[in-house]
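1. would you be able to build a 3D model of this:
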Amino acid sequence: MKLYTLLLTLALAGTAFAKRPNILFIFTDDHGYQAISAYGSNRNKTPNIDRIASEGVRFENCFVTNSICGPSRAVILTGKHSHINGFMTNGDRFNGEQQTFPKLLQKNGYQTAIFGKWHLKSDPTGFDIWKVLLGQGPYYNPPMKSVEGTKKIEGYTTDIITDLSLEWLKEGRDKDKPFMLMCQHKAPHRNWQPGPDHLNLYDDIEMPYPETFWDDYKGRTIAASTQAMTVANHLSANDLKLNQPRNLTSAQLQTWNAAYEPKNKAFKEAKLEGKERIKWQYQRYVKDYLRCVASVDDNIGRILKYLDQSGLAENTVVIYSSDQGWYLGEHGWYDKRWMYEESFKTPLVARWPGKIKPGTVNRDFVSNLDFAQT
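-> As a prediction, this is how the structure comes out:
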């Protein structure tokens, strides 16, 4: 992380620097590096994430210490391994009394805010303002908790989290102080419900299959062949959108059905079996996943556009990452609960105009354990 050793120093330097950088941390859930075109994806394009990388740095070897949602987030906040920060599984409760990097920034004059997924059970600490999803949160019409209580917001969650972040940037902060904003998306977490603008994206193409899609697990212990996360056998009817979602408004459901009912009808009439059925399940799964990614990328573009228009871009460090990686059919799997590279490797790109040379590629071994310190 050599390129970032100055960041915390500048942030905590008080009046030693005339203008400390703003910090914008955009974070997703389960976004595999192989679903980002800056990392060479042959499936999808992510022009706005790519823009951060091309105008800054792409880390080729960023790994997480614990590839589960809550524990990874606790590591990022504290800079401590899970067994030290006390949050080892999603069933734990985060101890908000311990030191975190938002608290350090807050104590040194930064305004701190978080909007979106939290998933640590306890209320956020170290933030001047927060509005977070309850647990995982739904893809549509999420209840969101703040110090004022819990309120349901109608709309698509990825859009809503971006709206809240932009509203705070535009109107909610003290513009005489530097800020640290964590914009934390639920997407593209299971069960991959796309937004209304992307329900038919990729309908006209067949996604490529990973080289290991038909892995027979030969030469490995029985554990690999008995993982309950295969595309062939473990995707549910909800995952495959064969059931209607329950939490949509009537207008949202009408749009949803217009997209999925014809495709589901064709699938049922085809009566697929064996490998053809597995291939259909993969196509349905991976396209919905990538549709969720497309919504994230579009919303990142909205934020980057505002930074440009407002004059904030030149003095704002923009960081994009995810809580862990994800299987997109590699070894016949989805999910992240198996310690191969697709699970533990996570995307990390960052832009800092004037400090990071555009187009930099860093191949050092880095970890989400490093984020808080740097």
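
2. following the helix-or-strand element of the chain with minimal mean pLDDT, which helix or strand shows up next?
-> The weakest-scoring helix or strand in the chain, judged by mean pLDDT, DSSP states H and E, is helix 5-11 (a mean of 48). Per DSSP states H and E, the first helix or strand lying C-terminal to helix 5-11 is strand 22-28.

3. partners of that following strand in the sheet?
-> Here strand 22-28 is paired, per DSSP bridges, with strand 179-184 (parallel), strand 316-322 (parallel).

4. can you dump the C-alpha atoms of the following helix or strand past that strand in PDB for me?
-> Remark: after strand 22-28, the chain's next helix or strand is helix 47-54, criterion DSSP H and E. Extracted as PDB, the C-alpha positions of helix 47-54 are listed here (Å, rounded to 0.1, in the frame of the first residue of the first chain):
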ATOM      1  CA  PRO A  47     -17.200   2.000 -17.300                       C
ATOM      2  CA  ASN A  48     -17.400   4.000 -14.100                       C
ATOM      3  CA  ILE A  49     -15.400   1.600 -11.900                       C
ATOM      4  CA  ASP A  50     -13.000   1.400 -14.800                       C
ATOM      5  CA  ARG A  51     -12.800   5.200 -14.800                       C
ATOM      6  CA  ILE A  52     -11.600   5.200 -11.200                       C
ATOM      7  CA  ALA A  53      -8.900   2.600 -12.100                       C
ATOM      8  CA  SER A  54      -7.800   4.400 -15.300                       C
END
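
5. what's helix 47-54 packed up against?
-> helix 274-310, strand 316-322, strand 348-351 (3 or more Cβ pairs under 8 Å, 6 or more residues apart in numbering; DSSP states H and E). Where C-beta positions appear, they are placed from N, C-alpha and C, glycine not excepted.

6. give me the neighbour count for residue 303.
-> 20 (other Cβ atoms under 10 Å).

7. also the one 3 residues further on?
-> Neighbour count of residue 306, defined by other Cβ under 10 Å: 16.

8. all helices of the protein, in order?
-> Using DSSP state H, the helices of the chain run over 5-11, 47-54, 69-78, 82-85, 101-107, 157-167, 222-225, 250-270, 274-310, 341-344.

9. wait, what's in contact with the most far-flung residue of the chain relative to its centre?
-> Distance from the C-alpha centroid of the chain peaks at residue 269, with 35.7 Å (Cα atoms, centre = their mean). If you count contacts by Cβ atoms under 8 Å, 6 or more residues apart in numbering, residue 269 has none.

10. any weak-confidence spans in the chain?
-> 1-18 (pLDDT under 70).

11. so which of the strands paired with strand 22-28 gets nearest residue 32?
-> Among the strands paired with strand 22-28, strand 316-322 comes nearest to residue 32, with 7.8 Å by Cβ to Cβ.

12. what's the offset of the closest one from the middle of its chain?
-> 11 Å (Cα atoms, centre = their mean, to the nearest Å).

13. cool, stretch 147-159 as well?
-> Counting by Cα atoms, centre = their mean, stretch 147-159 comes out at 18 Å from the chain centroid.

14. so how far is the first residue of it from its last?
-> In stretch 147-159, first residue to last residue: 22 Å (Cα to Cα, to the nearest Å).

15. run through who's touching it.
-> 130, 133-134, 137-144, 160, 163, 185-187, 195-196, 249, 292, 295-296, 299.

16. same question for stretch 270-290.
-> 35, 43-44, 188, 192-194, 201-203, 206-207, 209, 213, 231-232, 235, 239-241, 267, 326, 328-329, 334.
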